[in-house]
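Asker: Any chance you can model this:
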Amino acid sequence: MTKFIREVLVKEGVNTLVLEIDYRYQFQRHPEVADPDALSLADARAIAAAARESAIELIPLVDLLGHQSWAKTTFGLLRAHPEFDETPGLYKDNEGIYCRSYCPLHPQVHAVVFDVIDEIMDAFQAHTLHAGMDEVFLIGEDACPRCKGKDKAQLFAGEVRAIHDHLAAKGQRLWIWSDRLIDGQTTGIGEWEASKNGTATARQSIPKDVLLCDWHYESAHPTMLAFALDGFEVLSAPWRQPGVGMRQLDLIDLGRAEGSPEVAARLRGVLHTTWSSFAEFSAAYWKDGPTNAEAQEEALCFREVMRRARQE
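Answerer: Below you'll find the predicted structure:
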């Protein structure tokens, strides 16, 4: 990875790297949540050094609230602490759900979550955390004795504020994905890239210095302009369709050209996403090893978006 940072990201003009870590780190305070193939402190410091020496800000990503499982695998926090589950005892082998969530109102959950955050931030010597918080479908569930009947938007906003305030007390910043703050019904965007489970109004109750990463993969929905008008700094996020990435850049150009200086300054640019493994994506980029069609599409989109961005 350090070679890729120094040789590819610098050449492509990347100035920020968001690196998904989750529980793939050898935690000292809570070793029970660490994955078996976790990074060591030395690994983290080496990656951080490569980014720093390349003038790239490294931002670790730890999925919080939602995305606590994938398929039949439950991830570190709920694997080690099932008492934190929003739906305790339900969905054997995670069947019938997308991803598990932790309960934001459990009285002990933040003691562990904040320790995880602090260790990751220290290991990567980071000043900003990306907390994910996308695609949260299990929130305010009837199965949870604490969250049952509570307003889902307020539950979501409360968790954003809790994480934000913990970071802010240390002079650190919070980024999250934006989808839970978009009304999927009113906009017609749907339940994935937007919310149809009552969380959208949380945008009125979260701090304005939370940066929103506005991912849209099939169409360049102009929601980033709405977020900027609302007072949020925002990044547009494509994935594997170059045409979508180009149209997102068009929207940024339009907002910067036609918007007020205040709005223009909030349109921070593009965060290109890849959801293949690093090995698959790097092989697709370098064309030097086995990979898959998805990684090849991601690498092509990344090249095209960065080429256009360098021209502006």
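Asker: how far away is the spatially closest residue to Ala46 that is not a sequence neighbour from Glu312?
Answerer: In space, and not counting its chain neighbours, Ala46 is closest to Thr2: 5.9 Å by CB to CB, 6 or more residues apart in numbering. Heads up, the C-betas are built off the backbone N, CA and C, glycines and all. Using CB to CB, to the nearest Å, Thr2 is found at 28 Å from Glu312.
Asker: if you count what's nearby, which of these two comes out ahead?
Answerer: Between Thr2 and Glu312, Thr2 has the larger neighbour count (other CB atoms under 10 Å), namely 15 against 9.
Asker: Now do the more buried one against Phe124, distance only.
Answerer: 13 Å.
Asker: so what sits against both of these two?
Answerer: Common contact partners of Thr2 and Phe124 (CB atoms under 8 Å, 6 or more residues apart in numbering): Ile47.
Asker: At which residues are the helices of the stretch 201-312 of the chain located?
Answerer: Under the criterion DSSP state H, counting those that start in this stretch, the stretch 201-312 of the chain contains helices at 223-230, 242-258, 261-266, 278-286, 293-311.
Asker: can you pull the buried residues of the helix or strand where Arg161 lies?
Answerer: Take DSSP states H and E as the rule and Arg161 turns out to sit in helix 152-168. By 16 or more other CB atoms under 10 Å, the buried positions in helix 152-168 come out as 152-153, 155-164, 166-167.
Asker: Next, the angle from the next helix or strand after that helix to helix 152-168.
Answerer: Heading C-terminal from helix 152-168, the first helix or strand you meet, by DSSP H and E, is strand 173-177. Counting by axes from the mean of the first three to the mean of the last three CA atoms, to 10 degrees, strand 173-177 points 150 degrees away from the direction of helix 152-168.
Asker: Next, count neighbours for Arg52.
Answerer: For Arg52, the count of nearby residues is 13 (other CB under 10 Å).
Asker: doesn't Leu58 make contact with it?
Answerer: Yes - between Arg52 and Leu58 there is a contact at 7.4 Å, judged by CB atoms under 8 Å.
Asker: Just want the phi and psi numbers for Pro60.
Answerer: phi -70, psi 140 (degrees, to the nearest 10).
Asker: That one contacts Leu19, correct?
Answerer: Yes - contact criterion CB under 8 Å: Pro60 and Leu19 qualify, at 5.8 Å.
Asker: between these two, what contacts are shared?
Answerer: By CB under 8 Å, 6+ apart, Pro60 and Leu19 have these common neighbours: Phe124.
Asker: quick one: which of the two has more around it?
Answerer: Higher neighbour count among Pro60 and Leu19: Pro60, with 24 against 19, using other CB under 10 Å.
Asker: For the more buried one, list the residues it contacts.
Answerer: Counting by CB under 8 Å, 6+ apart, Pro60 touches 18-21, 120-121, 124, 126, 129-130.
Asker: The stretch 1-150 of the chain: strands as residue ranges?
Answerer: Listed in chain order, the strands found in the stretch 1-150 of the chain under DSSP state E, counting those that start in this stretch are 16-20, 57-64, 69-70, 73-74, 128-132.
Asker: So for Ala44, which of those sits nearest?
Answerer: Closest approach to Ala44 among these (CB to CB): strand 57-64, 8.4 Å.
Asker: And the furthest pair within the contacts of Pro60?
Answerer: Glu20 and Met121 (14.7 Å).
Asker: Name the residue in the two with the higher neighbour count.
Answerer: Remark: of Glu20 and Met121, Met121 carries more neighbours, 19 against 16, as counted by other CB under 10 Å.
Asker: contacting residues for Gln204?
Answerer: Ala157.
Asker: what comes up buried for stretch 37-45?
Answerer: 38-39, 43-44.
Asker: related to what we said a few turns ago, tell me who's in contact with the residue nearest to Ala46.
Answerer: Thr2 is in contact with 46-47, 49-50, counting by CB under 8 Å, 6+ apart.
Asker: Put the buried members of these into a ChimeraX selection.
Answerer: Command for ChimeraX that selects the buried part of those, burial taken from 16+ other CB under 10 Å:
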select :47,50
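Asker: Could I get the contacts of Thr2 in TSV, plus columns for pLDDT and distance to Gln28?
Answerer: Below are these laid out as TSV (pLDDT from 0 to 100; distance: CB to CB, whole Å):
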residue	pLDDT	distance to Gln28
Ala46	98	18
Ile47	98	18
Ala49	98	20
Ala50	98	23
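Asker: May I ask you to confirm that Phe4 is in contact with Ser282?
Answerer: Yes - shown here, Phe4 and Ser282 form a contact pair, counting by CB under 8 Å, at 5.3 Å.
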